[in-house]
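Chemist: got a structure for you, letters missing:
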């Protein structure tokens, strides 16, 4: 149940032999750089696109990330998988780009949070049970599109926190570091983002209690 | 539900999730019996609003043992909070599941990256 226990999207490019590829990269073999980019650019692009608002910026971030990685290759000691390392660099590049841009959609999130009655602390509106995920692949893909649209509706500062924690698989401390906020503030931001996303998805997944 | 049955219900809730009927009777007795409400007050220290605040820590495994006990009791006794907890967990799963693991990078991007690398090599 712990999101941090999930694999990050960059973790599982199993076909790549990290040790052999690293050796060729450090030897300056041109073809090795081509293989590295071919193997990992797609996953890195997916990650940067989740953070940035458009394809062009996401591609720029991937290019920045690869150039940073090429420079840092000698300092990479294989403490993590190559894919994980590149994934982290891509996220950093995307966040740097985001910081340099004027933020969009920075409104509050209060209207999407659950409301409670003063005094007894009960829900103002009873939460509904959610349907189990559908087996039908077409319906599942429709649901995924609804979820992606819901995530896009979140204010940026909350959306990024949720993306880093629940999708990119960063730990809370790492999310705090990347966002430049305290661990507690990061925790609250992720929690509120989940609550808000839950509210946005409720019309799609919610069923009435019997 | 009388006070004896209420104590039995407390045990049932501590160890599992009894049906909605038991929870309704349990709540009705609690509202009408100040003695039981006072005697078992620690079990009711948490409100639905508190449960919602603790959810993130709950899923991170970060609740202190004492808080965890009261949290679990509330969840077992409160169908609304159970629904909320389940849908909160499903929200996290949906977010992960909805993410596209990979996007096809345009060939122009790959070419640009490799060209930029060659340029930095002089």
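Modeler: In hand now; what should we look at? As the structure is a computational prediction, the values presented were derived from the model and not from experiment.
Chemist: What residue in chain B comes nearest to chain A?
Modeler: Of chain B, the residue with the smallest distance to chain A, taken as Cβ to the nearest Cβ, is residue B:47 at 2.8 Å. Where C-beta positions appear, they are placed from N, C-alpha and C, glycine not excepted.
Chemist: What is the three-state secondary structure of the nearest residue to that residue once chain neighbours are set aside?
Modeler: With Cβ to Cβ, 6 or more residues apart in numbering or on different chains as the criterion, residue B:47 has its nearest non-adjacent residue at 2.8 Å, and that residue is residue A:121. Of the three states, residue A:121 takes coil according to DSSP: H, G, I helix; E, B strand; the rest coil.
Chemist: To what extent is residue A:121 buried, counted in neighbours?
Modeler: Using other Cβ atoms under 10 Å in any protein chain shown, residue A:121 is surrounded by 14 other residues.
Chemist: ditto for residue B:120
Modeler: By other Cβ under 10 Å, neighbour count at residue B:120 equals 10.
Chemist: Where does chain A get nearest to chain B, residue-wise?
Modeler: Of chain A, the residue with the smallest distance to chain B, taken as Cβ to the nearest Cβ, is residue A:121 at 2.8 Å.
Chemist: Let me see the contact set for the residue of chain B closest to chain A.
Modeler: Counting by Cβ atoms under 8 Å, 6 or more residues apart in numbering or on different chains, residue B:47 makes contact with A:116, A:120-122.
Chemist: Give the buried subset of those residues as a ChimeraX selection command.
Modeler: Paste this into ChimeraX to select the buried members of the contacts of residue B:47, with burial taken from 16 or more other Cβ atoms under 10 Å in any protein chain shown:
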select /A:116
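Chemist: Look up how far residue A:115 lies from the residue nearest to the spatial centre of chain B.
Modeler: Closest residue to the average C-alpha location of chain B: residue B:85 at 3.6 Å, with Cα atoms, centre = their mean. Summarising the geometry, the distance separating residue B:85 from residue A:115, computed by Cβ to Cβ, to the nearest Å, is 17 Å.
Chemist: what's the answer for residue B:120, then?
Modeler: Using Cβ to Cβ, we find residue B:120 at a distance of 55 Å from residue A:115.
Chemist: Give me the buried positions along the lowest-mean-pLDDT helix or strand in chain B.
Modeler: Of all the helices and strands that make up chain B, helix B:20-32 has the lowest average by mean pLDDT, DSSP states H and E, namely a mean of 81. In terms of neighbour count (16+ other Cβ under 10 Å), helix B:20-32 has its buried residues at B:22-23, B:26, B:29-30.
Chemist: ditto for stretch A:94-101
Modeler: By 16+ other Cβ under 10 Å, the buried positions in stretch A:94-101 come out as A:94-95, A:97-98.
Chemist: Restricted to helices, list the residues you listed.
Modeler: Counted as lying in helices by DSSP state H, out of these, are A:94-95, A:97-98.
Chemist: ok, and which of the buried residues of helix B:20-32 reach chain A?
Modeler: Filtering the buried residues of helix B:20-32 for neighbours of chain A using Cβ under 8 Å from any Cβ of the partner chain leaves an empty set.
Chemist: and which of the residues you listed is nearest residue A:33?
Modeler: residue B:23 (62.6 Å; Cβ to Cβ).
Chemist: Next, work out how far apart that closest one and residue B:77 are.
Modeler: Counting by Cβ to Cβ, the gap from residue B:23 to residue B:77 is 6 Å.
Chemist: do residue B:55 as well
Modeler: For residue B:55, the distance to residue B:77 under the criterion Cβ to Cβ works out to 17 Å.
Chemist: confidence score at the closest residue in space to residue A:38 that isn't next to it in sequence?
Modeler: Leaving out its chain neighbours, the residue that sits closest to residue A:38 by Cβ to Cβ, 6+ apart is residue B:110, at 6.7 Å. If you check residue B:110, the pLDDT there is 96.
Chemist: picking up where we left off before, tell me which of the buried residues of helix B:20-32 is nearest to residue A:90?
Modeler: For the buried residues of helix B:20-32, the residue nearest residue A:90 by Cβ to Cβ is residue B:23; the value is 48.2 Å.
Chemist: Please name the residues that touch the closest one.
Modeler: Applying Cβ under 8 Å, 6+ apart, we find residue B:23 in contact with B:13, B:77-79.
Chemist: same thing but at 6 Å, please
Modeler: Going by Cβ atoms under 6 Å, 6 or more residues apart in numbering or on different chains, residue B:23 touches residue B:77.
Chemist: Done for today, thanks.
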